[in-house]
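>>> Model the following, please.
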Amino acid sequence: EKKKRFEPGDIITIQVRESLDAQTRADTETRQDSEIESQAREASNQFLVAQRPEGFGIMNPEQLPNWNIDVDNEHRARGTTRRTNVLETTITSVVKEVHENGNIFVEGQKTVEVNREDTKLSVRGLVRPSDIGPDNTVDSTRVANVELKLEGQGPLWNNQRRGLLTRFLDWFSLF
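Now for the predicted structure:
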């Protein structure tokens, strides 16, 4: 089989077939016990309990403020996040660079506008010539260091973005 040679500017179509399935789970359990106690001693409060000349004698020693506070804080939280993304499309890319070993660096982008919604997909990565089919196509799973970016603008994309206030409050949120 004759080895394919590519030059900068050649066109290669990348068949994007990416699937991402991620799941995270978190269980949190915290407990904190605190006890605060205070006793007002007669010797330390002569101003309130002693008769003149040391104090005003406005309280009996039994009336001094003594207190005890017990606090139990407990927090239990459970959370599960599951996210599944599937992206299937084709994107025609251009050979930007050919390395000495024959591997090629490709880069391409595709913009689609439907009903005032702009969707832009860009791809870049390194491809072995042997992975490119006779019709100059390569599967995205065969692209090394692949960078796929999907960005959009328009009413639907904008509605999916969280508002400034929500993002600000999330920044301060402890949980």
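>>> which residues of the protein fall in helices?
With DSSP state H as the definition, the chain shows helices at residue ranges 46-49, 155-160, 164-172.
>>> Dig out what F105 forms beta bridges with.
E97, L126 (DSSP bridges).
>>> if I look at it, how far off is F6?
Computed with CB to CB, to the nearest Å, the distance linking F105 and F6 is 10 Å. For the C-beta atoms, the positions are set from N, CA and C on the backbone; glycine is no exception.
>>> before we move on, what about I69?
On the measure of CB to CB, I69 and F6 end up 76 Å apart.
>>> Please say which of these two ends up with more neighbours.
Legend: neighbour count by other CB atoms under 10 Å for I69 and F6, higher for F6 (18 against 9).
>>> residues contacting that one?
Neighbour list for F6: 12, 95, 98, 104, 129, 132 [criterion: CB atoms under 8 Å, 6 or more residues apart in numbering].
>>> what's the answer for K120, then?
Neighbouring residues of K120 by CB under 8 Å, 6+ apart: 109-112, 149-152.
>>> show me where pLDDT drops low in this structure?
Screening the chain residue by residue with the criterion pLDDT under 70, one finds the ranges 1-3, 41-58, 61-67, 154-175.
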